[in-house]
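S.K.: the following block contains a protein sequence and its predicted model.
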Amino acid sequence: MNSTTISLTSTPPVPTVVRGDSPAGISRARQAARAFTDRLTPAPGPDMADTLVLVVSELVTNALRHGGGHYTLKLSADPGTMTAAVSDPSPAHPRERTPDLGGGSGGLGWHMIRRLTERLTITPGPGYGKTIHAQLPR
């Protein structure tokens, strides 16, 4: 008697790469992050998918504002994690600043990114710049 076993394994999609150099790039990055999580099998829970989109939005916004005016976003996943890697041309590491809760000048993004991610690393490059790798559980 033959038996057939069907195994459901997670197959990560091909990494997604998005480049931007204007505020319109923030929306494209969010859309790419949402499409990326929608293609994952098994899919992350809705809360984790939303968290990835928020982290991507904050990372690319910071790259545009503080990192030299353009970015490259690479989204990847393995069976247990999702990673958003954002590169920009500035070698300067992000720094925490006191959030402006009344005047609208920001300061919340880096705090949020640090709290929402499971692992956060900054590596030199490409070139003169840096890449911030934000890892979240699936």
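M.R.: Alright, I've got the coordinates.

S.K.: pLDDT weak spots in this protein?
M.R.: Across the chain, the ranges flagged by pLDDT under 70 are 1-14, 100, 103-105.

S.K.: who's in contact with the residue most central in space within it?
M.R.: The chain has Ala84 as the residue nearest its centroid, 2.9 Å off, counting by C-alpha atoms, centre = their mean. Shown in contact with Ala84 (C-beta atoms under 8 Å, 6 or more residues apart in numbering): Ala33, Leu52, Val55, Val56, Leu59, Leu73, Lys74, Leu75, His133, Ala134, Leu136. In this view, the C-beta of every residue, glycine as well, is placed from N, C-alpha and C.

S.K.: rerun that using 7 Å as the cut-off
M.R.: Ala84 makes contacts with Ala33, Leu52, Val55, Val56, Leu59, Leu73, Leu75, Ala134, as judged by C-beta atoms under 7 Å, 6 or more residues apart in numbering.

S.K.: quick one: which of these sit in strands?
M.R.: Among the contacts of Ala84, the ones falling in strands (DSSP state E) are Leu73, Leu75, Ala134.

S.K.: I'd like those laid out as TSV, including neighbour count.
M.R.: Supplementary listing: the ones in strands among the contacts of Ala84 in TSV, determined by neighbours: other C-beta atoms under 10 Å:
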residue	neighbour count
Leu73	23
Leu75	24
Ala134	23
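
S.K.: can you give me the strands for this structure?
M.R.: 16-20, 71-77, 81-88, 119-124, 130-137.

S.K.: give me the sheet partners of the fourth one and which way each runs.
M.R.: What it means is strand 119-124. Within its sheet, and counting by DSSP bridges, strand 119-124 is paired with strand 130-137 (antiparallel).

S.K.: buried stuff in the strand it pairs with?
M.R.: Residues Lys130, Thr131, Ile132, His133, Ala134, Gln135, Leu136 are the ones in strand 130-137 that count as buried (16 or more other C-beta atoms under 10 Å).

S.K.: just stretch 64-78 next, same as before
M.R.: So stretch 64-78, judged by 16+ other C-beta under 10 Å, has buried residues Leu64, His66, Gly67, Gly68, His70, Tyr71, Thr72, Leu73, Lys74, Leu75, Ser76, Ala77.
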